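K.L.:
coords below, sequence missing:
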C-alpha cells in the first residue's frame, strides 16, 4: 500500500501533469488564436483607415471580419489632365472646324461591389482584389472653343454640341489608355504592403480576373 507521503506526491504529480496538459493543449492554442484574431482585426482597422472600407479577413479559412463597404467605389488615383480635340465637318467641299481644349479629372480604382478579401496564414497574407478600372471622368467646365468657318459651311450652336460630345468621348478613350488604371493599381498595392509590413507580415496581392466581366454585366445596355 502507498504511504500517505507517496499518495500526496502522486496527487501533486497528476495535478502538475493536468495543468501542463491544459496549458499546452488548451491555453496556449487559445492564446495564440486570440492573438491572431486580434492581429487580423487590427489589420482590418488599418486597412479601413487607409482605404475607408473593411475587407473580409480570414485566418486559416475562418472569417474573422466581414466586408463592410460604406461606399461603392474606391478611388486610389485622382488625376487631372488637359485635353485637346478638333471636330471637323465638310459640306460641299467647304470645311468647318472646332478646336476644343479643356480639363478633365479622371478617377481610377476599385468597384467595392466586388469582394475584397484578406486570407491570413501565420505571417503571410493573401489579398484578393477586383481588377481596377476607370471609375469616373469629370469635365472641369473650363472649355475653350476655336471656331474656323468654311466658305459657306459655318459653325453654329448645334455644331458645338456635337463637337463637345466628341471631345468628351475622345477624352474617355485617352483616359482608358493613359495608364491611370495601372497607377491606381500600384498605389493600392503600395498601401497594402505598407500595412502588412507594419505587422511584420509578408503579403501577396492577387486579382480576380472575373471581377471586371461581372462589373460590366451589371451595366444595362
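P.N.:
Yep, it's here. Please read these numbers as outputs of a predicted model, since none were measured by experiment.

K.L.:
Against residue 142, how distant is residue 107?
P.N.:
18 Å (Cβ to Cβ, to the nearest Å). (Each C-beta comes from the backbone N, C-alpha and C, glycine too.)

K.L.:
now the end-to-end length of stretch 122-141.
P.N.:
52 Å (Cα to Cα, to the nearest Å).

K.L.:
Buried residues in it, which are they?
P.N.:
For stretch 122-141, burial by neighbour count (16 or more other Cβ atoms under 10 Å) applies to 125, 127, 128, 129, 130, 131, 132, 133, 134, 135, 137.

K.L.:
Over to stretch 171-188?
P.N.:
For stretch 171-188, by 16+ other Cβ under 10 Å, it's 171, 174, 175, 178, 180, 181, 183, 184, 185, 187, 188.

K.L.:
would you list these in TSV and tack on pLDDT, distance to residue 103 and secondary structure?
P.N.:
TSV is the format used below for the buried residues of stretch 171-188 (pLDDT from 0 to 100; distance: Cβ to Cβ, whole Å; DSSP: H, G, I helix; E, B strand; the rest coil):
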residue	pLDDT	distance to residue 103	secondary structure
171	91	10	helix
174	91	13	helix
175	90	12	helix
178	85	14	coil
180	90	15	helix
181	90	20	helix
183	90	18	helix
184	90	19	helix
185	91	24	helix
187	90	21	helix
188	90	25	helix
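
K.L.:
with those residues in mind, which one is nearest to residue 160?
P.N.:
Of all those, residue 160 sits closest to residue 171, with 16.1 Å by Cβ to Cβ.

K.L.:
Now for the closest one: which residues touch it?
P.N.:
83, 85, 104, 137, 139 (Cβ atoms under 8 Å, 6 or more residues apart in numbering).

K.L.:
can you tell me which two in the residues you listed are farthest apart?
P.N.:
85 and 137 (13.7 Å).

K.L.:
Please give the three-state secondary structure assignment for residue 114.
P.N.:
coil (DSSP: H, G, I helix; E, B strand; the rest coil).

K.L.:
Count the neighbours of it for me.
P.N.:
If you count neighbours by other Cβ atoms under 10 Å, residue 114 ends up with 19.

K.L.:
so what's residue 183 closest to, chain neighbours aside?
P.N.:
residue 77 (5.0 Å; Cβ to Cβ, 6 or more residues apart in numbering).

K.L.:
Quick check: beta-bridge partners of the one you found?
P.N.:
Residue 77 has these beta-bridge partners by DSSP bridges: residue 108.

K.L.:
just checking, it touches residue 178?
P.N.:
No. The pair residue 77 / residue 178 is not scored as a contact, 10.8 Å apart, by Cβ atoms under 8 Å.

K.L.:
hey, what's in contact with both of these two?
P.N.:
residue 106.

K.L.:
all helices for the protein, in order.
P.N.:
When secondary structure is read from DSSP state H, the chain shows helices at 4-22, 28-51, 157-177, 180-197, 210-217.

K.L.:
Skipping its backbone neighbours, what lies nearest residue 91 in space?
P.N.:
Distances taken as Cβ to Cβ, 6+ apart place residue 153 nearest to residue 91, at 4.6 Å, with adjacent residues excluded.
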